[in-house]
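>>> This is the structure alone, sequence omitted:
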């Protein structure tokens, strides 16, 4: 049964008629065209579908759309503000912290959530925070470097 | 200023059956200057059916276009899947044409726009495609200079090219841009010259590090992979899958699926699928179909596979023989007879096999995540009966391949569904399907019988490899009496693998290097010689020696006999024309059997390195990915039933596994470039096994080296 679902999507108040039991990942991708959020396994094991809900990184493939009612949702498309990249996005570019790029949005969203909670993480805390996000190309070292750089930049208020 | 000899050849090119007519490319792309060239390598040709090879060798399989806006495009059937050639090829082209890097674009993997290419694999893009493309770019430059000479009214020798502008050196205001020269032109040149092997030294862009050109799109979520595309009226599909390889559908009831609103069942014989505009609905519907199967599976599982291979009816192929094994045996002081085992591995790219197919009129267009767009096109033609010009395959960004996307079953399935339904069909394999239909890295058995004399020189080397192929099976050491024998499926023999196998990153060179370098370590240890010294003593190959010395230097290696309790191991080998050596340090928890790689150093001779940073990324990626086959990755199966079907049970490397990685690329600017996407992965298993032995005295004879297997090996010490 369709219902009106109200939430904030990438900073914009959003209202949509939708069956709230539908899978959130596919609603974001198909209904809103936000295809930066990827399907990797559909079981919460890879992290490619990670988004922020009220600043908390979550796996959108594991949630019904109804769960975001009244909440603040941010996807990878919502990080760039007025043409300015988020420091994490910039750091991923500068460090070449990606290869095929398929895990990248999920990595960046997980790291965004991590830095919101802990603006000065140690290397070990970054490792722990990203542990359950999978990358097959092996960009791991550079991803850690990029998150460290972004944390420094953000603390500098840039 | 370089001047390549001009050999334009205005020939009438005929249809070869493998692509469009060149005139069509030119027509499709509008005006400009076109340089056609032939980058096909021997390896590419191997993948082409014999009857087509002859024509292909005379064919032009890629081209450059200089457009009226001054952009330079290279059209190639190669694809980008993360390995970075979209950047490194552009660097090479920018250098030869003297154009700003930003003006150069790669157009890849579209069968309508790009000429035939068998596929992107084998670390071949830079080493075989690169030089041919450079020659074409040099040709294009010469053509532009000639045109510039006519336009500016001065001899070509008086001209210079700077950043895409042809300039009169005596009067710098007398100048014309590439764009201005290309405007209104429809000039086609066919390049027959072989690329020059020299001239690898004077570069502006090549040899410098460039960030990936696709990063912005990938960090913002704007990069479009196949699954991100959407067409009006598009439906999602799920296909009914058998429970195991070798199962055949005996009865089926699709009615429960048909009852779900918004779902349609599509059937063509045993090919049954559900479609819906709603992605959730196809998931819901597919499990409602009641199907029964008969089973005709091979009676083998992950435990019996090695004996199964050894007792199979195999074709025996002596790959290499030198000297006299028997004589070598007799002159030995110590003899070593060892068996090594390797298992089936999944590719496990984060993007599952995905395809979108659309039939408009009588033309089928398929967007697919594939390493072989032309291979997919061939298969659609064969299976669905379309003529070649009515099938177009387009390759958007590919979310990882590693050899697994050299297979393209999903593209044929999507096309079939689009043909059956008349709708655009999106097929995104589930993770379960990705594991089930993966073309796995083959399991294999290696038996080595070898010996050394009293001085620690290898006296003989008798190497036998079952079902793992011969890539990396050569004896890299200087052994007077050596023989390599490969066992593969006999001509009329039944299948050995219960499912499909195919190339994996550095196909089975991992298996062979693991076996060879473990055996070398076993011998060094028993000879009481430091393993680096033992290798240097038995090597004549200067590239290998240089890599070993470079990695020892990078690591700060101090020689010692093994096992010495330090946990340091060495391994080396070569792949795709590139030489690689690694040293690792591990910590072994003797209570749990858990191994942590603390650091790993790697030295590589890859000839001219086009993009040093891009190459380092590939080396790091190889080492990181290599930790997976080393420690955890293994496909469990019973008959044709794949038991390992998820990223929970098939564990790939994670952040916490990371060692400190130090890579060094040997400076070989004067040598042709070689492959970089695979070599560093080949030695990871062996370097870790040898380090575990040094730490504990325990020898591991198979990968993955799970805690249980490490503990078991420690108990035997």
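Yep, it's here. All of these numbers come straight from a predicted model, not from anything done at the bench.
>>> tell me the pLDDT at whatever residue of chain A ends up closest to chain B?
Residue of chain A nearest chain B, by CB to the nearest CB: residue A:36 (1.9 Å). Glycine gets a C-beta too; all of them are placed from N, C-alpha and C. pLDDT, residue A:36: 98.
>>> Kindly tell me how buried it is, as a neighbour count.
Here the number of neighbours of residue A:36 (other CB atoms under 10 Å in any protein chain shown) works out to 27.
>>> pretty sure it contacts residue B:219?
No - between residue A:36 and residue B:219 there is no contact under CB atoms under 8 Å: 9.4 Å.
>>> Residues that sit against both of those two, list them.
A:76, A:105 (CB atoms under 8 Å, 6 or more residues apart in numbering or on different chains).
>>> ok, residue A:96 touching residue B:212?
Yes - counting by CB under 8 Å, residue A:96 sits close enough to residue B:212 to count as a contact (5.8 Å).
>>> Kindly tell me how buried the residue of the stretch 101-250 of chain B found nearest chain A is, as a neighbour count.
As assessed by CB to the nearest CB, chain A sits closest to residue B:221 within the stretch 101-250 of chain B, at 1.9 Å. Residues lying near residue B:221 (other CB under 10 Å) number 25.
>>> Chain A: strands as residue ranges?
Listed in chain order, the strands of chain A (DSSP state E) span A:3-9, A:12-18, A:50-53, A:56-59, A:72-74.
>>> Can you lay out those strands as CSV showing distance to residue B:132?
Shown next, in CSV, are these (distance: least, CB to CB, whole Å):
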stretch, distance to residue B:132
strand A:3-9, 48
strand A:12-18, 50
strand A:50-53, 42
strand A:56-59, 45
strand A:72-74, 46
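>>> Comparing the ones you listed, which stretch has the densest surroundings?
Stretch with highest mean neighbour count among those: strand A:50-53 (a mean of 25; mean count of other CB atoms under 10 Å in any protein chain shown).
>>> Now do that strand: which elements does it pack against?
The elements that strand A:50-53 packs onto, with contact taken as 3 or more CB pairs under 8 Å, 6 or more residues apart in numbering or on different chains; DSSP states H and E, are strand A:56-59, strand A:72-74, helix A:104-117.
>>> how about those, which one is nearest residue B:171?
helix A:104-117 (50.0 Å; CB to CB).
>>> mind listing what's buried in that closest one?
A:104, A:105, A:106, A:107, A:108, A:109, A:110, A:111, A:112, A:113, A:114, A:115 (16 or more other CB atoms under 10 Å in any protein chain shown).
>>> near chain B, from those?
Near chain B, judged by CB under 8 Å from any CB of the partner chain, the entries from the buried residues of helix A:104-117 are A:104, A:105, A:108.
>>> Could you find the closest non-adjacent residue to the last one?
On the basis of CB to CB, 6 or more residues apart in numbering or on different chains, the spatially nearest residue to residue A:108 that is not a chain neighbour turns out to be residue A:88, at 5.2 Å.
>>> And that neighbour, how far from residue A:153?
For residue A:88, the distance to residue A:153 equals 9 Å [CB to CB, to the nearest Å].
>>> Then residue B:534?
Distance from residue B:534 to residue A:153, by CB to CB: 49 Å.
>>> And the pLDDT at the residue nearest to the spatial centre of chain A?
Central residue of chain A (CA atoms, centre = their mean): residue A:109, 2.5 Å from the mean position. The confidence metric pLDDT takes the value 98 at residue A:109.
>>> Spit out the contact partners of it.
Shown in contact with residue A:109 (CB under 8 Å, 6+ apart): A:50, A:51, A:52, A:57, A:74, A:75, A:76.
>>> before we move on, back to that, residues in contact with the residue nearest to residue A:108?
A:79, A:108, A:111, A:112, A:115, A:146, A:147, A:150.
>>> How about residue 100: what's its closest non-neighbour residue?
I went with chain A, as the question did not name one. residue B:82 (3.0 Å).
>>> Can you look at chain B instead?
residue B:163 (5.2 Å).
>>> for the strand or helix carrying residue B:366, which positions count as buried?
For residue B:366, the host element (DSSP states H and E) is strand B:363-368. Neighbour counts over strand B:363-368 (16+ other CB under 10 Å) mark B:364, B:365, B:366, B:367, B:368 as buried.
>>> related to what we said a few turns ago, so the residue nearest to residue B:100 sits against residue B:98, correct?
Yes - if you go by CB under 8 Å, residue B:163 and residue B:98 touch, sitting 6.8 Å apart.
>>> Compare those two and say which one has the larger neighbour count.
Of the pair residue B:163 and residue B:98, residue B:98 is the one with more neighbours under other CB under 10 Å, namely 22 against 14.
>>> tell me the contacts of the more buried one?
Contacts of residue B:98 by CB under 8 Å, 6+ apart are B:141, B:161, B:162, B:163, B:164, B:204.
>>> Now, of the residues you listed, which are buried?
Taking 16+ other CB under 10 Å as the criterion, what is buried in those is B:141, B:161, B:164.
>>> Filter those down to just the ones in helices.
Counting by DSSP state H, the buried ones among the contacts of residue B:98 place residue B:141 in helices.
>>> And the pLDDT for the residue lying closest to residue B:642 once chain neighbours are set aside?
Spatially, and ignoring its direct neighbours in sequence, residue B:642 is nearest to residue B:436 (5.3 Å; CB to CB, 6+ apart). For residue B:436, the model assigns a pLDDT of 98.
>>> What about residue B:436, how many residues nearby?
Neighbours of residue B:436 (other CB under 10 Å): 20.
>>> ditto for residue B:611
Other residues close to residue B:611 by other CB under 10 Å number 28.
>>> Contacts only, for it.
B:84, B:87, B:88, B:91, B:206, B:208, B:209, B:210.
>>> Repeat the analysis, applying 10 Å as the threshold.
A:96, B:84-85, B:87-92, B:126, B:205-212, B:617-618, B:676 (CB atoms under 10 Å, 6 or more residues apart in numbering or on different chains).
>>> Distance check, it against residue B:426.
34 Å.
>>> Please enumerate the helices of chain A.
Counting by DSSP H, the helices of chain A are A:24-26, A:87-94, A:104-117, A:123-130, A:140-155.
>>> Show me what the last one packs onto, helices and strands only.
When you say that, I think you mean helix A:140-155. Helices and strands touching helix A:140-155, by 3 or more CB pairs under 10 Å, 6 or more residues apart in numbering or on different chains; DSSP states H and E, are helix A:87-94, helix A:104-117, helix A:123-130, helix B:612-631, strand B:660-665.
>>> Dump the ones you listed to CSV, plus distance to residue B:387.
Output for the helices and strands packed on helix A:140-155, formatted as CSV (distance: least, CB to CB, whole Å):
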stretch, distance to residue B:387
helix A:87-94, 44
helix A:104-117, 39
helix A:123-130, 49
helix B:612-631, 39
strand B:660-665, 47
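>>> and of these, who's closest to residue B:66?
Per CB to CB, nearest to residue B:66 of the helices and strands packed on helix A:140-155: helix B:612-631, 25.3 Å.
>>> relative to strand B:660-665, how tilted is that closest one?
130 degrees (axes from the mean of the first three to the mean of the last three CA atoms, to 10 degrees).
>>> separation between the residue nearest to residue B:642 and chain A?
To chain A, residue B:436 is 14 Å away according to CB to the nearest CB, to the nearest Å.
>>> looking at it, that residue is touching residue B:352, isn't it?
No - applying CB atoms under 10 Å as the test, residue B:436 and residue B:352 come out as separate, 11.0 Å apart.
>>> Now name the helix or strand holding residue B:510.
Secondary structure from DSSP H and E places residue B:510 in helix B:509-527.
>>> Wondering if that helix reaches chain A at all.
No - counting by CB under 10 Å from any CB of the partner chain, chain A is not contacted by helix B:509-527; separation bottoms out at 14.4 Å.
>>> tell me which residues in the next helix or strand after that helix are buried?
Using DSSP H and E, the helix or strand that follows helix B:509-527 in sequence is helix B:531-537. Neighbour counts over helix B:531-537 (16+ other CB under 10 Å) mark B:531, B:532, B:534, B:535, B:537 as buried.
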